[in-house]
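Q: Can you look at this prediction? I've put the sequence above it.
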Amino acid sequence: MQKLPADAVILAFGDSLTYGTGATEDNDYPAILQELTGLTVINEGIPGEISSRGLQRLPELLELEQPDLLILIHGGNDILRQVPERQSIENLRQMIQLAREQGSQVMIVGVPKPKLLMMESAPVYQQIAEEMQVVADLETLPTILADSDLKSDRVHPNDEGYRVMAENIAELLKQRGGI
């Protein structure tokens, strides 16, 4: 990852996990990430959105915001609604490609696939990260959603959970040389 400029714009793009469902006002992860990094972080999360709708929505936002970094958290609703995995994978690949064509770096955050005993990111996120050579955070959401103290409901963090999410993303950006 290349170092982001001091005036960098980060586009946080996704569904309810980006929007901040379960958080009180200004406690969504994009707001906290902006506070932690001092960079402009734009929250473009839409609760309930599936990846095909995200793919339709992304080009206009990339053109409008010209982000230096796209943080992509998408696909959880695809899993819940049983959208075919190959379709979700293709939508995520296209979103990454669109961001790259606009000149943005990309980070993907893995969403867990519900399991009875263990929480882990769905394997497709590691597959996409390796194939597309993007920075991936595959641990944060499964760790948060496995801890009832960090959740507001079954699938969303609470204020503390979103803070952990923002801190982990900021730390990964530091480790990879982005900030």
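A: Here it is on my side, so go on. Everything quoted here is computed from the prediction, not taken from an experiment.
Q: how close does Glu49 get to Gln56?
A: The spacing between Glu49 and Gln56, counted by CB to CB, to the nearest Å, is 10 Å. The C-beta positions use only the backbone N, C-alpha and C, and glycine is treated the same way.
Q: Just want to know which of these two has more residues nearby.
A: A count of neighbours by other CB atoms under 10 Å puts Glu49 above the other of Glu49 and Gln56, at 22 against 11.
Q: What is the burial count for the closest residue to the more buried one other than its chain neighbours?
A: In space, not counting the residues next to it along the chain, Glu49 is nearest to Asp15; the distance is 4.6 Å by CB to CB, 6 or more residues apart in numbering. The tally of other residues near Asp15 (other CB under 10 Å) stands at 24.
Q: what's the neighbour count on Arg81?
A: Using other CB under 10 Å, Arg81 has 9 neighbouring residues.
Q: any idea whether Glu171 is helix, strand or coil?
A: State at Glu171, reduced to three classes by DSSP: H, G, I helix; E, B strand; the rest coil: helix.
Q: any idea which residue sits dead centre in this protein?
A: Ile73 (2.6 Å; CA atoms, centre = their mean).
Q: Who are the contact partners of the closest residue to that residue other than its chain neighbours?
A: Closest residue to Ile73 in three dimensions, ignoring its sequence neighbours and counting by CB to CB, 6+ apart: Gly14, at 3.6 Å. Shown here is Gly14, whose contacts under the criterion CB atoms under 8 Å, 6 or more residues apart in numbering are Glu44, Gly45, Glu49, Gly54, Ile71, Leu72, Ile73, His74, Val109.
Q: Inside strands: which ones of those?
A: Counting by DSSP state E, the part of the contacts of Gly14 found in strands is Glu44, Gly45, Ile71, Leu72, Ile73, Val109.
Q: Show me what the first one is bridged to.
A: Residues in a beta bridge with Glu44, per DSSP bridges, are Phe13.
Q: you'd agree it is up against Leu61?
A: Yes. Under the criterion of CB atoms under 8 Å, Glu44 makes contact with Leu61 at 5.7 Å.
Q: Quickly list what's touching both of the two.
A: When contacts are counted by CB under 8 Å, 6+ apart, Glu44 and Leu61 have Leu11, Phe13 as shared neighbours.
Q: Could you list the low-pLDDT ranges of this protein?
A: Segments of the chain classed as low confidence (criterion: pLDDT under 70) are 115-118.
Q: Helices along that one, start to end?
A: For the chain, the helices identified by DSSP state H occupy 16-19, 29-37, 51-65, 76-80, 85-102, 123-132, 140-145, 159-175, in order along the chain.
Q: so the second one versus helix 159-175, what angle?
A: Calculated by axes from the mean of the first three to the mean of the last three CA atoms, to 10 degrees, helix 29-37 forms an angle of 50 degrees with helix 159-175.
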